[in-house]
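Undergrad: from the sequence below, what's the structure:
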Amino acid sequence: MKSAGQHIAMRLGALTLALGLTQSAFAANLNQQQLSEFAGKAQLRFAVVNNLAAKPQAQLTLTNDSAADLPAGQGDWRIYFHSVRKLDPTLVEGLSLRHVQGDLHELSPTAGFKGLAKGASLLVPYTAGAHLVSYTDFMPRAFIAQQGLNPEVFANTNTETLQDFVAPFTKPEQLQRFAPDLYPIATAATRYEGNLAVNAAAAKLDTSAKIIPSPAEVKYRKGTAVIDSSWKISYAGRLTSEAKYLADQLKTAGITLEIKPAHGGAAGDVLVASGKTIELQVDASVGEAEAYKLSIAAEKITIVGSDNAGAFYGIQSVLSLLPAQVSSSHSLPQLTVSDAPRYRWRGMMYDMGRNFHGKDVTLRLIEQMARYKLNKLHLHLTEDEGWRLEIPGLPELTDVGGKRCFDLSEQTCLLTQLGTGPHKSGSGNGYYSTADFIEIIKFASARHIEVIPEIDMPGHARAAVKSMEARYKKLLKAGKKAEAEQYLLSDPLDKSEYMTVQNYTDNSINVCLPSTYAFVDKVVYELQQMYRKAGTTLVTFHMGGDEVGVGSWTASPACNALFAKGEMGVAGPADLKPYFVSKVAAITAMRGLDLAGWEDGLMYDASNTFNRSQFANKHVLANAWDNIWEWGVADRAYRLANAGYEPILSAATHLYFDHPHEANPEERGYYWAARYTDANKVFGFMPDNFYANADKTRNGAAIDDLEALVGRAMPALEKPENLRGIQGQVWSETIRSAAQLEQMIYPRLIPLAERAWHKAAWEGDKPNTAARMADWAAFSVQLSNKELPKLAALGGSFYLPPPGAIIQKGKLLANSSLPGLTIEVSLDQGETWREYTGALAVESVVSVRTRLGDATSRVVTAAP
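TA: Below is the predicted model of the structure:
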């Protein structure tokens, strides 16, 4: 007979076999204390090895400085990390590397894993889908997880100082993207040489305050107007909001003025006020929409707008002349201005779908847009990585889609991406409540800024798809099948296979399901309610439409059933994108809305647009973004305009503010469209001469003949009246905090506004480069002396360019790309700093940086 102990052992053995676990598998696992100990003290590091190999090479090093061994064998623990590039699967040292979704990758132990003892290290070499030349190609918050335990972040990766876990970029094969990479890496020496021309031009300039953006016509007179508390504001009744805004801004500048409506105030009336007065009037005869006239005399300032927006922009021109410093009185130059905008669409797109940064930074962006007369705020509210707006009746969109964490079932959150790590407290999580969004709309409307909400679909929609799947499963479990299917965005039987540019296999909304259009209508309805509660009207709905995974819907039973119906215009998969757009167009047109989308969302391919007549909306706008010159797609803007769409120039080569400020591994951002985009490049963009902006290919080769480069004629713009304007974009894959966001937007937003409002005399198919340099020098002086100090006073963040520096004949010579910025030097490796005032004798390595208020640039070094 067997003893009781033997019976228990047999039962445990049977249970173990039933669970598919062996004694070695148990031994290969960790407990919570060991998991925490290992993540807290082990060092996980990355390094680029060689971008110039057949496939870019990198490596992961794991050093066990903890008191816990990683056990040998095929355990249940996994290491997860984020990578911008999709990594190739590999098996190294018994560890299997695989791609999960998006940027998430997994290292798992196999039976051949020999363990990692205390004090030991292991190296995992791997190859990537594309080059890695920047610290921000790597993401923070790698973690270790095991089923049944709480995941733990590797402490050395739980930081925004990426150099803490990414090895330095020092060798050509680490710094170059490919051979030949003709973009030199920016150094202290190359910056110094590159800054000489703008500094020489700036030295000859009058540095007094100028209106930014530049007016169409301005005439300066002798003398000044000294504004103090003895002045008052008189305004036409319809300008009550604008007058209050002016009073509030002047109070912030240190001057409190009496404010009261003037008698009369009908269109064309002349308002008469005595004493030192700022008069605000409206007169339609001033000119087109948003135009204004401004006169500043010794004891009277008159602002007459063609409409309320024009009066507001006249106010901004007055405020533009004020310094950043607070004072009880300010001197303004006497002048007259006659001004009107170059474009009716002067926009900025902000992506908080990838990473959410909060309401406050959004309001600061609106305030800055208003200062520089930008009038369209395009909010990219949804993405694969997040849904950022509360929608009444669909709480799963934010309960699940508004947060990322480590939940492989994705029933409580989206799968972690973009350096968030395993916890809901990680970076990038959050959303606007309906109250937040209403406040944002109100704040923008008071500043004559239209908020354009974008709900990106049918691609880039993973957050929506997974949220509605979670809703479906919850309601189905509760026995509510019809309700569960009401807003379902995916076909459970769909076997379509695709891989998107951002490495997702499951982010397309199924365009063949009736529930998809019920969802669209529900979301648009709720958006309209929010705008109405804000006291305004939703005008434009942006549907996204870009980068749909090739192969989506090709094996969907729902789509095959749609084809089988024989409905005209839906014969096969190629018809499904225009079918989707036409359905969304019908919904939005019925609700009185204009429709907008990214260019490729309105095209079959690089050359062929959808038939504009099949969309019911009065206006269909297209963001023309993909203008990589050598790819031959830069003519999409003109093709769309000629086909009856209304393009907004959103050129990735010049207007993507998620790209680095310079070619240097320490700069944040993607660089797929341009190696870098500095403020000078934005300033030099010529919207009316689009092809003339073709300066360099992606590898840095000069473009002398665009048609020769692409091998065909470039279509002309036949319907220029359809060109709406221009727009800057900031995508946030690498931007995890509000400070990082603002450092990417500013100061580039200011030259964007300059080009959107004012056409320079030097623009043309063959631009006057000498005149452009002189104009940029004058503009850069305004940035450093006035505009950036005002940004600093508002309390936000902004980018300061690192200085140029060389040591020549034993003396340090330093300069800045923005003449007038303070330059500081340190002779003791950053322990102490002093202002650089001219050539300085040095004997060893010196540290140099620029400063404005509390903000400083990256530190650079110069050596004898």
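
Undergrad: drop to CA atoms for contacts and neighbour counts, all remaining ones
TA: Will do.

Undergrad: what's around the nearest residue to residue 101 once chain neighbours are set aside, how many residues?
TA: Once flanking residues are discounted, residue 101 sits nearest to residue 504: 5.5 Å by CA to CA, 6 or more residues apart in numbering. A count of nearby residues for residue 504, using other CA atoms under 10 Å, gives 18.

Undergrad: my guess is residue 504 contacts residue 86. True?
TA: No. The pair residue 504 / residue 86 is not scored as a contact, 10.2 Å apart, by CA atoms under 8 Å.

Undergrad: overlap in contacts of the two?
TA: Common neighbours of residue 504 and residue 86, counting by CA atoms under 8 Å, 6 or more residues apart in numbering, are residue 102.

Undergrad: rewinding a little: using the three-state scheme, assign the residue nearest to residue 101.
TA: Taken by DSSP: H, G, I helix; E, B strand; the rest coil, the conformation at residue 504 corresponds to coil.

Undergrad: check contacts around it.
TA: Counting by CA under 8 Å, 6+ apart, residue 504 touches 101-102, 498.

Undergrad: give the next helix or strand downstream of the longest helix seen in the chain.
TA: If you go by DSSP state H, the chain has its longest helix at helix 514-533. Next helix or strand after helix 514-533 toward the C-terminus (DSSP states H and E): strand 540-544.

Undergrad: who are the packing partners of the helix or strand just after that next one?
TA: Going down the chain from strand 540-544, the next helix or strand is helix 557-564, by DSSP H and E. Counting contacts by 3 or more CA pairs under 8 Å, 6 or more residues apart in numbering; DSSP states H and E, helix 557-564 packs against no other helix or strand.

Undergrad: for helix 557-564, which positions count as buried?
TA: For helix 557-564, the buried set under the neighbour-count rule, 16 or more other CA atoms under 10 Å, comprises 557-560, 562-563.

Undergrad: my read: residue 687 touches residue 650, true?
TA: No. Using CA under 8 Å as the test, residue 687 is too far from residue 650 to be in contact (9.8 Å).

Undergrad: compare the two (neighbour count), which wins?
TA: Comparing residue 687 with residue 650 by other CA under 10 Å, the one with more neighbours is residue 650, at 27 against 21.

Undergrad: ok, the nearest residue to that one once chain neighbours are set aside to residue 153 distance?
TA: Spatial nearest neighbour of residue 650, excluding adjacent residues (CA to CA, 6+ apart): residue 625 at 4.7 Å. Residue 625 sits 37 Å away from residue 153, going by CA to CA, to the nearest Å.

Undergrad: how about residue 105?
TA: Noted for residue 105: a distance of 15 Å to residue 153, by CA to CA.

Undergrad: list the contacts of the nearest residue to residue 550 once chain neighbours are set aside.
TA: Distances taken as CA to CA, 6+ apart place residue 498 nearest to residue 550, at 5.9 Å, with adjacent residues excluded. The neighbourhood of residue 498, defined by CA under 8 Å, 6+ apart, consists of 504-506, 549-552.

Undergrad: surely residue 508 is in contact with residue 459?
TA: Yes. Assessed by CA under 8 Å, residue 508 is found in contact with residue 459 at 4.5 Å.

Undergrad: between these two, which has more neighbouring residues?
TA: Between residue 508 and residue 459, counted using other CA under 10 Å, residue 508 has the larger neighbour count: 25 against 22.
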